[in-house]
Structures are given as structure tokens and as C-alpha cells.
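Got a predicted model here, sequence first, then my questions.
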Amino acid sequence: MNNIGQLGLAFVLVFFIVAITTFALITPMKTVLDDTRSGNSTSLNCPGAPDFNQALWDADDVHDKLRKRPVCFVTGLTMVYFVFAVLIFGIIWAYRKWRST
């Protein structure tokens, strides 16, 4: 009986469960980020958001541009960073656990 192979398969299975959970979190995270980035008067009004208002975007003064636009960029990449970080960490974790047994 190959115990190392069976244990490695268990680690890969745990990784796939974490990956599926991460992919399931994409939709709720996208909803929250879209609410934050929407075009309401109290929000960021980022391009790409469902309620983007081009007139409000063009009317921003220098202070608003310096305050809002970097935040729009970072919140746009948050989900991508989160998913890739979890997947890369999961692959490294499964590989190291499999090799250490």
C-alpha cells in the first residue's frame, strides 16, 4: 500500500476544496466591491462599476482625482489578488505537505 501517495491525494483534495470555496466567494466579493465602487453621490464612482456616472467622474477636481482614482484602481484589483493569493498558497501548501511526508 502506497501511504505517501494516498496522503498526497488527500492534500490535493483539500486544495481543491479550498479552490472551489474561493471560486464560490467571487460573486459575493464582486457584489460588495461593485457597491463600493458604484456611482452614488457618496461612493467612489469608479469606471466599470454598474452605476458609473461619467458626468460626476469628469466633474472631479484635483483633490477628488487624487483621492478617488487610486482607490478605484486598488479595489479593482482586490479580487484578483485575493483569488491568486489563495490559489498559489494552496498549491505551495499541498506540494510542501506532500513532499514532507
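That came through, no problem.

what about residue 65, which helix or strand?
When elements are defined using DSSP states H and E, residue 65 is found to belong to helix 62-100.

in that helix, what counts as buried?
68, 72, 75, 83, 86, 90, 94, 97-98 (16 or more other Cβ atoms under 10 Å). Heads up, the C-betas are built off the backbone N, CA and C, glycines and all.

next one: the lowest-mean-pLDDT helix or strand in the chain to chain centre, how far?
Using mean pLDDT, DSSP states H and E, the weakest-scoring helix or strand in the chain turns out to be helix 54-58, at a mean of 86. Chain-centre distance of helix 54-58: 27 Å, with Cα atoms, centre = their mean, to the nearest Å.

buried set for that helix?
Neighbour-count burial for helix 54-58 flags residue 57 (criterion: 16+ other Cβ under 10 Å).

what's the answer for stretch 30-46, then?
In stretch 30-46, the ones that count as buried by 16+ other Cβ under 10 Å are 33-34, 36-39, 43-46.

Which residues are in contact with the residue nearest in space to the middle of the chain?
For the chain, the residue sitting closest to the mean C-alpha position, by Cα atoms, centre = their mean, is residue 79 at 1.6 Å. Listed by Cβ atoms under 8 Å, 6 or more residues apart in numbering, the contact set of residue 79 reads 26, 29-30, 33.

try residue 93
By Cβ under 8 Å, 6+ apart, the neighbours of residue 93 are 11, 15.

Low-confidence ranges, this structure, go.
For the chain, residues meeting the criterion pLDDT under 70 lie at 1-2, 41-42, 101.

Done for today, thanks.
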